[in-house]
Structure formats: structure tokens, C-alpha cells
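Q: here's my sequence, what's the structure:
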Amino acid sequence: MILYTILPPEEIFAEEWGEEAAAPVEVQVDGVILSVSPGGNGSARVERVISTNPEDYLHPFFQPGSPVFLAGRDP
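A: Just a heads-up that it's a prediction; the model follows:
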């Protein structure tokens, strides 16, 4: 079976793989608001950028899927 979708496999097969999808959290990193999925040990994965500045979307640190360290930050 071939699935033609933009959704990542983690979302499609979450029930079969026994994973719970963590609710995204909005945090501010270097003045840019990011929607991230929390991980373990104070880390998170960037889901999307929430900004009106086009340059923020070009920054490689804020690309979706990039790891972000959140220890000591308030969501």
C-alpha cells in the first residue's frame, strides 16, 4: 500500500507503533515564536514557525524537525 500524504509516518502510524503524539507547545526562542513538540530531557522538535518576519523562516535553526533545547525556558 502506498500512502500519498504530507503527514509524517509518526502521525499516521502512531497507534500501531504505540506512541502518543505530544501536544505542540508554543515557545519563544531568540525572539521567534515556535510551535514545538516536547521531547525528553528538556529538548523539543520544531513543528512550525509563527512569525511575521520572512527572514525567520529562512533561518536553518528554526526549520521544522530541528532539535531545540528548552531547559530553563518558560512556554
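Q: run through the protein and note the low-pLDDT ranges.
A: Low-confidence segments of the chain, defined by pLDDT under 70: 16-22, 71-75.
Q: one more time with 50
A: For the chain, no stretch is flagged by pLDDT under 50.
Q: please enumerate the strands of it.
A: Ranges of strands in the chain, per DSSP state E, are 25-29, 32-38, 43-50, 67-69.
Q: ok and the third one relative to strand 25-29, angle-wise?
A: Going back to what we said before, that points to strand 43-50. Relative orientation of strand 43-50 versus strand 25-29 (axes from the mean of the first three to the mean of the last three C-alpha atoms, to 10 degrees): 90 degrees.
Q: so which elements touch strand 43-50?
A: strand 25-29, strand 32-38, strand 67-69 (3 or more C-beta pairs under 8 Å, 6 or more residues apart in numbering; DSSP states H and E). In this view, the C-beta of every residue, glycine as well, is placed from N, C-alpha and C.
Q: ranking those strands by burial, who's on top?
A: Each of the helices and strands packed on strand 43-50 was scored by mean neighbour count; the highest is strand 32-38, a mean of 18, by mean count of other C-beta atoms under 10 Å.
Q: re the thing from before, let me know which of the strands of the chain is the nearest to residue 2.
A: For residue 2, the closest of the strands of the chain is strand 43-50, at 25.2 Å, according to C-beta to C-beta.
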